[in-house]
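In: what follows is a predicted structure for the sequence shown.
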Amino acid sequence: MYIRKCVKKGPKKSYTNYLLVESVMTPKGPRQKTICSLGNLKPRPREEWLALVRKVEDALAGQESFEGPDPEAEAIAAKVRARQKKLASPKTLTQTSGAAEAARSEPVETDAEIVSVRIGGVTTETIREAGPVHVGLSFYDRIGMDEELAACGLSPRARVLAQAMIMNRLIHPDSEHAMPNWIGRTALPDLLGRELEEVCDDSLYRNLDRLHPHREAIERGLAEREKNLFNLEDTIYLYDLTSTYFEGQALGNPAAQRGYSRDHRPDCKQVVIGLVIDRDGFPKAHEIFDGNRVDTTTLDEMLEALERRVGRKETDPRALVVVDRGMAYHDNLEQIRRRGHDYLVATRQNERDRWLAEFESEEGWKEVLRENSPNNPCQKKSRIRVRKLERGEETLVCCLSDDRVEKDRAIRLKKQARLVEDLEKLSKQIESGRLKRLDKIHQSIGRLLERYPRVARYHSIDYDAESGKLVWTENDERRRIAESLDGSYLLKTNRPGLEDDEIWRLYSLLTRAENAFRSMKSPLVERPIFHQLKHRVETHIFLCVLAYHLLVAVETTLRNRGIYTSWATVRKTLSTHHVTTVVLPTDKGDVLRIRKGSTPDPEVRELYRLLNVPQRLMKQVNTWHRAHPT
């Protein structure tokens, strides 16, 4: 169901009327049926028409709207009911004479009709999956994505195409070439109330070009809408990077370069994607960098893009920027401070090794209490212990994780073996006379202590001038203490007043950025990229980000209800809900086709309840196919 504008030009004046229209299926294909006239529709702006139609549909189905009753929608629904009652009268249903008139299909409301059906001839046809599309469209409207597209000046057709492309990316990612076939296999045209048979890959490619200039404005508008809708805070930002690779040479894209591949495809060209999310996982800003861009060079540019998206002011409270150890360099931390933010970062291994001696005492450790997910109350969480150390303006927190012990121990033993190997090489140089000067010998010892700080601290290394030999021994007690720190990593922040366990919890939020990339690469199939032009590559990634907005909105809504599950599981459960056409042959030879949604399974109904999505998929469409007169 949708609204159509009709303009009738007179000799002196033009008259505008708006019609409420729905699509119906006939033997000759889809046709548009006028439900009722809406007059000039002046009280409601054009960008709110779709929302008005949805409210009218809810009113006709007897369901309450998510935003409460709407007087204008209720008035239109009353007009529709009155017209339906008139059409259902015997006079309206009387079949006119003439073979041509009798043979044509005509949509008729049959709520008041009683017909006799030949049971043996009852069939179903045109069964289309509807559940995932229904939820996707509901959240598309809820976060106001169509309003943001309209605000950028995109035409209604361009917005519908963008909507279909985002739904495809969310539910069953395909290339633009395969997308029209997917649209035909789903109930998307039924739920949108318009036919999409004219959609082809060329029109979708051109729509990518239309979306490209408006990416930043759309992202900025969505961030503001989601902040108000989900009560989000702009106090913590999580920044991470990933890469995505190309199929083909990508000669038309200068950003496609070979670099460090997180997809383990060094043979392919790639681009690097930077993403900033808030603590709840909602995207705030994304940028696309050349494939050979070094991670540390992207931070300042990403922070500038973030400030443009969220519109932070000097009067706003300082935000905490959480980054991984790849950004744990002095220049990067200075960039964060210079922009008026605080930082929280995991230090690099060599910096951690220099500070481990400060945490060797057994006092001051605190165990982090971790709650299990309600979906898996018997899950065994790994043990985490933390200890805080204040050093000037910075706070250091050493974290001990049982899950990391074996890996960290293997690394320590490997470094210990290398230290012993290098000590034996140095000893041979001294004994052979190749290294004689005392100052050079001590310099070589100092370099080894600097190269292996973690394991060298429980070794005693010295040069015996009398015997002319290098002597080293291992301190068993200090080695035992070092073993107790296996599985540790070091966090660093300049934000004062944070407890040690709170610092660990804030840093652990960075896994949500990793999950965002994982979601975009796996269920949303961001990779590999087949586009060859730079602007289409950027829009392809942008569509994945828009689909992720819907994904995280669904998962957050469920999480707020105490249900911790993924979109992939939700999508699989919803796939059992369909739209179908029931074919009813009557005893008089007429055929009634009823297009409607199936009855959802209990699991699907429960998901709809938790997501606050109506169970009703669409307004029932009845189509009569009259028999030829004898």
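Out: Structure received. Numbering: from 1, shown residues only.
In: residue 14: how many residues sit nearby?
Out: If you count neighbours by other CB atoms under 10 Å, residue 14 ends up with 8. Glycine gets a C-beta too; all of them are placed from N, C-alpha and C.
In: hmm, I typed the wrong one, I wanted residue 80.
Out: 20.
In: give me the buried positions along stretch 238-256.
Out: Buried positions in stretch 238-256, judged by neighbour count with 16 or more other CB atoms under 10 Å: 238-246, 250, 253, 255-256.
In: wait, stretch 252-271
Out: So for stretch 252-271, counting by 16+ other CB under 10 Å, buried means 253, 255-257, 259, 261-262, 265, 268-271.
In: coming back round to it: please identify which of the buried residues of stretch 238-256 is nearest to residue 9.
Out: residue 253 (48.6 Å; CB to CB).
In: take the buried residues of stretch 238-256 and keep only those in strands.
Out: Among the buried residues of stretch 238-256, the ones falling in strands (DSSP state E) are 238-245.
In: would you map out the domains in the chain?
Out: Residue ranges of the domains in the chain are recorded as 1-87, 342-494, according to automatic domain parsing.
In: present the ones you listed as a markdown table; the columns should include mean pLDDT and distance to residue 172.
Out: Converted to a markdown table, these look like this (pLDDT from 0 to 100; distance: least, CB to CB, whole Å):
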| stretch | mean pLDDT | distance to residue 172 |
| --- | --- | --- |
| domain 1-87 | 72 | 23 |
| domain 342-494 | 84 | 25 |
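In: make a markdown table out of those domains and add distance to residue 287.
Out: Converted to a markdown table, the domains of the chain look like this (distance: least, CB to CB, whole Å):
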| stretch | distance to residue 287 |
| --- | --- |
| domain 1-87 | 29 |
| domain 342-494 | 19 |
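In: which among these is found nearest to residue 609?
Out: domain 1-87 (12.4 Å).
In: coming back round to it: and the furthest pair within the buried residues of stretch 252-271?
Out: Pairwise over these, using CB to CB, the maximum falls at 253 and 262, 18.8 Å.
In: still on that earlier bit, nearest to residue 617, of the buried residues of stretch 238-256?
Out: Taking the buried residues of stretch 238-256 together and measuring to residue 617 by CB to CB, the closest member is residue 244, at 34.7 Å.
In: pretty sure the closest one contacts residue 538?
Out: No. At 11.7 Å, residue 244 does not count as touching residue 538 under the criterion of CB atoms under 8 Å.
In: now the buried residues of stretch 238-256 as JSON lines including pLDDT and distance to residue 451?
Out: Converted to JSON lines, the buried residues of stretch 238-256 look like this (pLDDT from 0 to 100; distance: CB to CB, whole Å):
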{"residue": "238", "pLDDT": "90", "distance to residue 451": "33"}
{"residue": "239", "pLDDT": "91", "distance to residue 451": "31"}
{"residue": "240", "pLDDT": "89", "distance to residue 451": "30"}
{"residue": "241", "pLDDT": "89", "distance to residue 451": "29"}
{"residue": "242", "pLDDT": "88", "distance to residue 451": "32"}
{"residue": "243", "pLDDT": "88", "distance to residue 451": "31"}
{"residue": "244", "pLDDT": "88", "distance to residue 451": "36"}
{"residue": "245", "pLDDT": "87", "distance to residue 451": "35"}
{"residue": "246", "pLDDT": "86", "distance to residue 451": "39"}
{"residue": "250", "pLDDT": "82", "distance to residue 451": "41"}
{"residue": "253", "pLDDT": "88", "distance to residue 451": "42"}
{"residue": "255", "pLDDT": "91", "distance to residue 451": "38"}
{"residue": "256", "pLDDT": "89", "distance to residue 451": "38"}
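In: identify the farthest-apart pair in those residues.
Out: 238 and 250 (29.4 Å).
In: any low-confidence regions in the stretch 51-200 of the chain?
Out: Counting by pLDDT under 70, the ranges of the stretch 51-200 of the chain that qualify are 61-68, 84-113.
In: okay, who's weakest in the buried residues of stretch 252-271 by pLDDT?
Out: Lowest pLDDT within the buried residues of stretch 252-271 is found at residue 262 (84).
In: quick one, what contacts that residue?
Out: Neighbour list for residue 262: 242-243 [criterion: CB atoms under 8 Å, 6 or more residues apart in numbering].
In: can you pull out the helices in the stretch 101-250 of the chain?
Out: 131-142, 145-151, 156-171, 179-185, 188-192, 201-211, 215-229 (DSSP state H, counting those that start in this stretch).
In: and the fourth one, what's buried?
Out: Counting neighbours by 16+ other CB under 10 Å, one finds that the buried residues in helix 179-185 are 179-180, 182-183.
In: ditto for the second one
Out: Neighbour-count burial for helix 145-151 flags 145-150 (criterion: 16+ other CB under 10 Å).
In: residue 2: neighbour count?
Out: What residue 2 shows, counting by other CB under 10 Å, is a neighbour count of 17.
In: the nearest residue to it once chain neighbours are set aside and residue 303, how far apart?
Out: Of all residues not flanking residue 2 in the chain, residue 193 sits nearest, at 4.8 Å (CB to CB, 6 or more residues apart in numbering). Note on residue 193: its distance to residue 303, by CB to CB, to the nearest Å, is 43 Å.
In: cool, residue 570 as well?
Out: Taking CB to CB, one finds residue 570 at 34 Å from residue 303.
In: tell me which residue of the protein is furthest from the middle?
Out: residue 466 (69.0 Å; CA atoms, centre = their mean).
In: assign that residue to helix, strand or coil.
Out: coil (DSSP: H, G, I helix; E, B strand; the rest coil).
In: what's around the nearest residue to residue 339 once chain neighbours are set aside, how many residues?
Out: Computed as CB to CB, 6+ apart, the closest residue to residue 339 that is not its neighbour in sequence is residue 303, at 5.4 Å. Per other CB under 10 Å, the neighbour tally for residue 303 reads 23.
In: export whatever helix or strand residue 303 lives in to PDB, keeping only CA atoms.
Out: Assessed by DSSP states H and E, residue 303 sits inside helix 299-310. What follows is helix 299-310 as a C-alpha-only set of coordinates in PDB (Å, rounded to 0.1, in the frame of the first residue of the first chain):
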ATOM      1  CA  LEU A 299      44.100   7.600  13.800                       C
ATOM      2  CA  ASP A 300      44.200  11.400  13.500                       C
ATOM      3  CA  GLU A 301      42.200  11.300  10.200                       C
ATOM      4  CA  MET A 302      39.600   8.900  11.800                       C
ATOM      5  CA  LEU A 303      39.200  11.200  14.900                       C
ATOM      6  CA  GLU A 304      38.600  14.200  12.600                       C
ATOM      7  CA  ALA A 305      35.900  12.200  10.700                       C
ATOM      8  CA  LEU A 306      34.300  11.100  14.000                       C
ATOM      9  CA  GLU A 307      34.000  14.700  15.200                       C
ATOM     10  CA  ARG A 308      32.300  15.700  11.900                       C
ATOM     11  CA  ARG A 309      29.800  12.800  12.400                       C
ATOM     12  CA  VAL A 310      28.900  13.300  16.000                       C
END
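In: now the strands: where do they sit in the stretch 251-400 of the chain?
Out: 270-278, 283-290, 320-323, 342-346, 366-367, 384-391, 394-401 (DSSP state E, counting those that start in this stretch).
In: returning to what we had before: list the residues that contact the residue nearest to residue 2.
Out: Contacts of residue 193 (CB under 8 Å, 6+ apart): 1-2, 22-23, 53, 618.
In: out of these, which comes closest to residue 421?
Out: For these, the nearest to residue 421 is residue 618 (72.7 Å; CB to CB).
In: is it fair to say the closest one lies in a strand?
Out: No. Residue 618 sits outside any strand when classified using three-state DSSP, being coil.
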